[in-house]
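Need coordinates for the below:
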Amino acid sequence: DELVGNDGNLFYCRVCLGVGEVVCCDGCPHVFHPFCLPAGPSKTSLENDDDPWYCHDCIKKDMKGRSINPKKKKRLGGKGGRGAGGAGRYRA
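A predicted model of the protein is given here:
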């Protein structure tokens, strides 16, 4: 069973299943610790503070010709995630 919060995101990191400071994908309900992301376009995008931000799974789907369906996410807190305008980071 996957636990989903009121914002539509899962509670646990997709990679390690841990909780804490996580970044939320804008294309699916998965969340990740920044240090759990594998090297590649998704991690680079996070480091570049791209908004919207997509996880490696969503980027792979998009590269295979399946379009990413961005979700509207309710951001918590004033400035939110990784700086002004960055993708959401939450403490789970």
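
pLDDT weak spots in this structure?
Confidence mapping of the chain against pLDDT under 70 gives the ranges 1-2, 65-92.

Run through the helices of it in chain order.
Assigned by DSSP state H, the chain shows helices spanning 41-47, 56-63.

Now do the shortest one: which elements does it pack against?
Using 3 or more C-beta pairs under 8 Å, 6 or more residues apart in numbering; DSSP states H and E as the contact criterion, the neighbours of helix 41-47 among helices and strands are helix 56-63. (Glycine included, C-beta is placed from N, CA and C.)

what sits up against the helix it packs on?
Outside helix 56-63, the residues that touch it by C-beta atoms under 8 Å, 6 or more residues apart in numbering are 14, 25, 27-28, 30, 37-38, 40-43, 45, 54, 68.

Buried residues, it. List them.
Applying a neighbour-count criterion of 16 or more other C-beta atoms under 10 Å, one finds His56, Cys58, Ile59, Lys61 buried in helix 56-63.

how about TSV for the helices of the chain, with distance to Gly8 added?
Below are those laid out as TSV (distance: least, C-beta to C-beta, whole Å):
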stretch	distance to Gly8
helix 41-47	19
helix 56-63	14
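
Tell me which of the ones you listed lies nearest to Asp7.
Comparing the helices of the chain against Asp7 with C-beta to C-beta, the closest turns out to be helix 56-63 (16.9 Å).

is it true that Tyr12 touches Gly20?
No: when contacts are counted by C-beta atoms under 8 Å, Tyr12 is not listed as touching Gly20 (9.9 Å).

more neighbours, the two?
Taking Tyr12 and Gly20 together and counting by other C-beta atoms under 10 Å, Tyr12 has the greater number of neighbours (19 against 12).

what's the neighbour count on the residue lying closest to that one once chain neighbours are set aside?
Of all residues not flanking Tyr12 in the chain, Val19 sits nearest, at 6.3 Å (C-beta to C-beta, 6 or more residues apart in numbering). Other residues within reach of Val19, judged by other C-beta under 10 Å, total 14.

wait, isn't Val19 in contact with Leu3?
No: at 10.5 Å, Val19 does not count as touching Leu3 under the criterion of C-beta under 8 Å.

Are there residues contacting both of these two? Which ones?
Here Val19 and Leu3 share the contacting residues Phe11, Tyr12, scored by C-beta under 8 Å, 6+ apart.
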